[in-house]
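Participant: For reference, the sequence and a predicted model appear below.
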Amino acid sequence: MKTGFPLFPDQASTMASRVDALYFYLVAVSAFMSLLIAVLIIYFAIKYRRRTESFLPTPVEGSLKLEIAWSVIPLLISLSFFFWGASLFFAMNRPPPGALEIYVVGKQWMWKFQHLDGQREINELHVPVGRPVRLTMGSEDVIHSFFVPAFRVKRDVLPGRFVSTWFEATRPGRYHLFCAEYCGTKHSGMTGWVEVMEPVAFQNWLSQGAGAGSLSDAGSKLFIQHACNTCHRPDSQARGPNLEGLLGKPVRLQSGQTVIADEQYIRESIVAPNAKLVEGFQPLMPTFQGLISEEGLLQLTAYIKSLSKGAPPPGEMAPPVNERGDRSK
Ligand code: CUA
């Protein structure tokens, strides 16, 4: 797609060519249908035109075969949009296991990134090539939208909750990052760059920021600062659920429902503790709405995630991903 007059952005992620293929298919089907209809209109208008004043056309009885054909064929074509689109949608919404975790906060008017190791950046995101990257994103104020055209990634970032998306860059380089949701006067300036680096260069870059303390360390400090540890503890003194190994596990609620403890659940449980009360516990926890910044919430989430047994300790990278077999579909 690199010509003198580029109609499309670079294809720089595993998803890019798949998104483009579906897009071309939609364009091709639309163009074919439009052309077919236009040509038939002109052809029939000429063929069946009224030839004399007294001309009476012969009555048409209709044809069941024809009617079934022109109902079923378009139905199948439409369903192909659906199934193709749905498979892409699922692929885009399911980060492969072992993805590199990066936390993102959108605010008027900048993008803030935090790596697990503690590296922080603004309007600039460094990622390694050939490795899936999962972004957990929150907003401090209004709706923003994280958009990297070259990766075909666009995700609304909403206040009051976490959302996530993922991508895997396939080519080193610098790619433009935009905010794609009008968010105030300087919305158009809420841009940045994603710097895709070779894995070794990325490791070097990461280690330059070491010393800042990892994200989960920062979360652990907040955890103690807000005295969360006085209730959330593994022993019998606990007045709140034990948080060890919580992330990703099902949780039984007082209401009888079961939910999966994902990032969004943890965030909600901090700002609105009684929304999903865990079975067997009293509604004692105060809300921390407004007391902890969006970045703080991400840090706490990273900390709670780090308590999960079997998860790599924060600061230590999971091995580079080779198991991409099932990721292409
Ligand atoms: Cu943020 Cu537009």
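Facilitator: Nice, thanks for sending it over.
Participant: Okay, and residue 83 sits in which element?
Facilitator: Residue 83 belongs to helix 64-93 when elements are defined using DSSP states H and E.
Participant: Okay, buried residues for that helix please.
Facilitator: Judged by neighbour count using 16 or more other Cβ atoms under 10 Å, the buried positions of helix 64-93 are 88, 91, 92. Bear in mind the C-beta positions are built from the backbone N, C-alpha and C, glycine included.
Participant: do the same with stretch 184-202
Facilitator: Quick answer for stretch 184-202 (16+ other Cβ under 10 Å): 187, 190, 192, 194, 195, 196, 197, 202.
Participant: now, which of those lie close to the ligand?
Facilitator: Among those, the ones lying near the ligand by Cβ under 6 Å from any ligand atom are 187, 190.
Participant: who in the protein is up against the ligand?
Facilitator: So the chain meets the ligand at 106, 109, 144, 179, 181, 182, 183, 187, 190 (Cβ under 6 Å from any ligand atom).
Participant: Show me which of the residues you listed has the smallest pLDDT value.
Facilitator: Looking at the residues of the chain next to the ligand by pLDDT, the weakest one is residue 109, with 89.
Participant: count of residues packed around that one?
Facilitator: 18 (other Cβ atoms under 10 Å).
Participant: What count of nearby residues applies to residue 46?
Facilitator: Look at residue 46: counted by other Cβ under 10 Å, it has 8 neighbours.
Participant: cool, the one 4 residues further on as well?
Facilitator: Close neighbours of residue 50, defined as other Cβ under 10 Å, add up to 9.
Participant: Number the residues from 38 up from this point.
Facilitator: Got it, the first residue is 38 from now on, which makes the last one we talked about residue 87.
Participant: So it versus residue 96, what's the distance?
Facilitator: 16 Å (Cβ to Cβ, to the nearest Å).
Participant: Residue 184 too?
Facilitator: Distance, residue 184 to residue 96, by Cβ to Cβ: 57 Å.
Participant: same deal with residue 232?
Facilitator: 71 Å.
Participant: residues contacting residue 206?
Facilitator: The contact partners of residue 206, taken as Cβ atoms under 8 Å, 6 or more residues apart in numbering, are 49, 50, 164, 165, 166, 167, 170, 188, 212, 231, 233.
Participant: Also residue 145?
Facilitator: For residue 145, the contacting residues are 177, 178, 179, 220, 221, 223, 227, by Cβ under 8 Å, 6+ apart.
Participant: go again using 10 Å as the cut-off
Facilitator: Residue 145 sits next to 176, 177, 178, 179, 181, 216, 220, 221, 222, 223, 224, 227 when contact means Cβ atoms under 10 Å, 6 or more residues apart in numbering.
Participant: Please flag which of those sit within strands.
Facilitator: 176, 181, 216 (DSSP state E).
Participant: can you list those in TSV and add neighbour count?
Facilitator: Putting the ones in strands among the contacts of residue 145 into TSV (neighbours: other Cβ atoms under 10 Å) gives the following:
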residue	neighbour count
176	25
181	32
216	25
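Participant: where exactly do the strands run in the protein?
Facilitator: In the chain, the strands defined using DSSP E lie at 137-144, 147-152, 157-159, 161-165, 169-176, 181-185, 190-194, 200-205, 210-216, 229-234, 287-289, 295-297.
Participant: Tell me the strands beside the second one, with direction?
Facilitator: With DSSP bridges as the criterion, the sheet partners recorded for strand 147-152 are strand 137-144 (antiparallel), strand 157-159 (antiparallel).
Participant: Tell me the one among the buried residues of helix 101-130 nearest to the ligand.
Facilitator: Nearest to the ligand among the buried residues of helix 101-130 is residue 129, at 20.9 Å by Cβ to the nearest ligand atom.
Participant: Pretty sure that closest one sits against residue 204.
Facilitator: Yes. Using Cβ atoms under 10 Å, residue 129 is in contact with residue 204, at 8.8 Å.
Participant: pLDDT weak spots in this protein?
Facilitator: When residues are selected by pLDDT under 70, those of the chain lie in 38-41, 246-249, 273-274, 346-366.
Participant: Report the central residue of it.
Facilitator: residue 202 (2.1 Å; Cα atoms, centre = their mean).
Participant: what's across from that one in the sheet?
Facilitator: In beta-bridge terms (that is, DSSP bridges), residue 202 pairs with residue 172.
Participant: residue contacts, it?
Facilitator: Applying Cβ under 10 Å, 6+ apart to residue 202 gives the contacts 129-130, 132, 141, 170-174, 183, 185, 188, 190-194.
Participant: Going through the residues you listed, which ones are buried?
Facilitator: Neighbour counting with 16+ other Cβ under 10 Å marks 129, 132, 141, 170-174, 183, 185, 188, 190, 192-194 as buried within those.
Participant: what two of those have the greatest distance between them?
Facilitator: Based on Cβ to Cβ, the longest span within the buried ones among the contacts of residue 202 runs between 170 and 193 and measures 18.2 Å.
Participant: Would you confirm that residue 320 contacts residue 310?
Facilitator: Yes. Judged on Cβ under 10 Å, residue 320 makes contact with residue 310 at a distance of 7.2 Å.
Participant: between the two, who's got more neighbours?
Facilitator: residue 310 (19 against 9).
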